[in-house]
Structures are given as C-alpha cells and as structure tokens.
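K.L.:
Prediction below, plus the sequence it came from.
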Amino acid sequence: MSKIVEEVMAANADYVANFGDKGDLAMPPARHFAILTCMDARLDPAKYAGLAEGDAHVIRNAGGRASDDAIRSLVISYKLLGTKEWFVIHHTDCGMETFTTEIMGELLSGSLKTATIDETGWHDNNEGGGTHHGKYINWLTISDNRQSVVEDVHRIRTSPMVPPEIPIYGYIYDCKTGELAEIAEATAEGRPR
Ligand SMILES: [Zn+2]
C-alpha cells in the first residue's frame, strides 16, 4: 500500500471512531445552500465557511468555474435537494491564472509528465508520448479573477434551468488571510430576478 493510502486509511479509522450520530443525517443539506469553489488544496470550504457534515453542498473543480458539469450539480442541488442560495467563490493566486487553454493543449502534446513553471511560464519536458486531445478542451482558465466570478455568476443566473428566485453571491477567498471578499458586481449580477 502506498504511504498516502496508509495515511488516509489511518485518518479514516480515527474519523469512524468519532463518527457519533452523523449516520442519522438527512441527504438534503440542512442549511439549504451550495458553494461552487476551486479545488485548490489551500481552500477548505468546511473551515472557511463554517460547515459541518450535512450542512451544505460544495461543488469543486479547477477554478471553481461554472462549467456545464458544475451547473448540472447546482441544478440537482436545488431541484432535488432543496438548496435556496448559492455562492461562487474563486480565490487569489489561482493556478488557473497561470496558463491559457492554448498553453495546456501544447503542454499535453509534449508529454504526459507533470510540467514545470518558472518566471517565463510553463514548460513541458517534451519526453514524448503526448496527445493532441487536450487541444479540443476549453480549460476554462482565468485571466482576471474578479471578472471570472462575475462571468460565472452570470452564466449560472442566465441558465434556463436555474429559477430566478435563487440568489447567487460572488466572492474571492484571499489565500494570504483566509478572508472572503464579496465581489459586489457579481452578487448584483446574481440577485434574484
Ligand atoms: Zn484555484
């Protein structure tokens, strides 16, 4: 077993030992809200937003972007599980600001090894064995993280599957302080209609 698997299983054994009455939790989020945020390892929505098990839906992807799949989850979140307010939370120093869709396609075409970054940008080691498949994907990169919050709130707001009464709030999490800063333009975009 890998060291990581051992660590995860040991942590899980501790969690099970202290699981308490969480087996009685209902499936619908008790606090009726959802968060769409980035997968960045420095972000812990349960901690930065004060969530306990059973409280809220947290949908995560690279960038916290309003991809078709994120919208799929949000629609399920309200339509079947009753959430009534949504947050879109991007963050400072997001990795999605460090490349473009074109760069990702090129990096994958060079090899499937992990790329490296320096002051001149991302570099592949070009060992071969790459693929052109990455050139067919919109990687939903970010050039301005305030603008990306506004755009994602707008995309969710204007989805015909999203009911007008759900407010959608836009925030940026500061990786240096842990603070959530509202992006007023995004929250205005996401106001109930
Ligand atoms: Zn990020």
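P.N.:
Great, that's in hand. This one's a predicted model, so the numbers in the text were calculated from it and none came from an experiment. Numbering: from 1, shown residues only.

K.L.:
Point out the residues in this structure that sit beside the ion.
P.N.:
Cys38, Asp40, Cys94 (C-beta under 5 Å from the ion). C-beta coordinates here come from the backbone N, C-alpha and C atoms, glycine included.

K.L.:
So which of these wins on neighbours?
P.N.:
When neighbours are taken as other C-beta atoms under 10 Å, the top entry among these is Cys38 (23 neighbours).

K.L.:
A strand includes Ala70, no?
P.N.:
No: under DSSP: H, G, I helix; E, B strand; the rest coil, Ala70 sits outside any strand and is assigned helix.

K.L.:
so who does it touch?
P.N.:
Residues in contact with Ala70 (C-beta atoms under 8 Å, 6 or more residues apart in numbering) are Leu36, Ile59, Asn61.

K.L.:
and of those residues, the nearest to Asp14?
P.N.:
Using C-beta to C-beta, Ile59 comes nearest to Asp14 of those, at 26.8 Å.

K.L.:
so how far is the helix or strand containing that closest one off the chain centroid?
P.N.:
Ile59 belongs to strand 56-61 when elements are defined using DSSP states H and E. Strand 56-61 sits 7 Å away from the centroid of its parent chain (C-alpha atoms, centre = their mean, to the nearest Å).

K.L.:
partners of it in the sheet?
P.N.:
Next to strand 56-61 in the sheet, as set by DSSP bridges, lie strand 33-38 (parallel).

K.L.:
quick one: contacts of the strand it pairs with?
P.N.:
With contacts defined as C-beta under 8 Å, 6+ apart, strand 33-38 is touched by 43, 45, 49, 56-64, 66, 70, 73-74, 77-78, 83-91, 94, 96, 152, 156, 173.

K.L.:
Could you point out the helix or strand that follows that strand?
P.N.:
helix 45-48.

K.L.:
I'd like to know which elements that following helix is packed against.
P.N.:
Packing contacts for helix 45-48, counted by 3 or more C-beta pairs under 8 Å, 6 or more residues apart in numbering; DSSP states H and E, involve strand 56-61.
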